[in-house]
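Novice: have a look at this fold, sequence not included:
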């Protein structure tokens, strides 16, 4: 149960950050790269959730985040298919 709460908190924090940036067009321009990295991090957390949580816990997490399957897969794709980060 601890893992479920940790994942939920981390994803909620990142989603909140994205919402803040989406509210302000100037922030969108200034923080474009950080925005994309945040989307990728959400995808990483979604992938981690699928690998570690039971089906019931995974459904509970998606419900708590109000995230439908399309949006879940969108973020996962950002993680799985994004180019590697530059050092």
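Specialist: Cool, got the structure. In this text, all values refer to a predicted model and were calculated from it rather than measured experimentally.
Novice: make it CA atoms for all contacts and neighbour counts henceforth
Specialist: Fine.
Novice: residues making contact with the helix or strand of the chain with the lowest mean pLDDT?
Specialist: Ranked by mean pLDDT, DSSP states H and E, the weakest helix or strand in the chain is helix 25-30, scoring a mean of 79. Helix 25-30 has contacts (C-alpha atoms under 8 Å, 6 or more residues apart in numbering) with 21-22, 35.
Novice: now do 10 Å
Specialist: Contacts to helix 25-30, defined as C-alpha atoms under 10 Å, 6 or more residues apart in numbering, come from residues 18, 20-22, 31-32, 34-35.
Novice: let me know the closest of these to residue 46.
Specialist: Using C-alpha to C-alpha, residue 18 comes nearest to residue 46 of the contacts of helix 25-30, at 15.7 Å.
Novice: so how far is residue 55 from that closest one?
Specialist: 27 Å (C-alpha to C-alpha, to the nearest Å).
Novice: neighbour-wise, which of these two wins?
Specialist: residue 18 (17 against 12; other C-alpha atoms under 10 Å).
Novice: that one touches residue 33, doesn't it?
Specialist: No - Residue 18 is beyond contact range of residue 33, at 11.9 Å (criterion: C-alpha atoms under 10 Å).
Novice: intersection of neighbour lists for those two?
Specialist: Common neighbours of residue 18 and residue 33 (C-alpha under 10 Å, 6+ apart) are residue 39.
Novice: where does the protein have low pLDDT?
Specialist: 1, 85-87 (pLDDT under 70).
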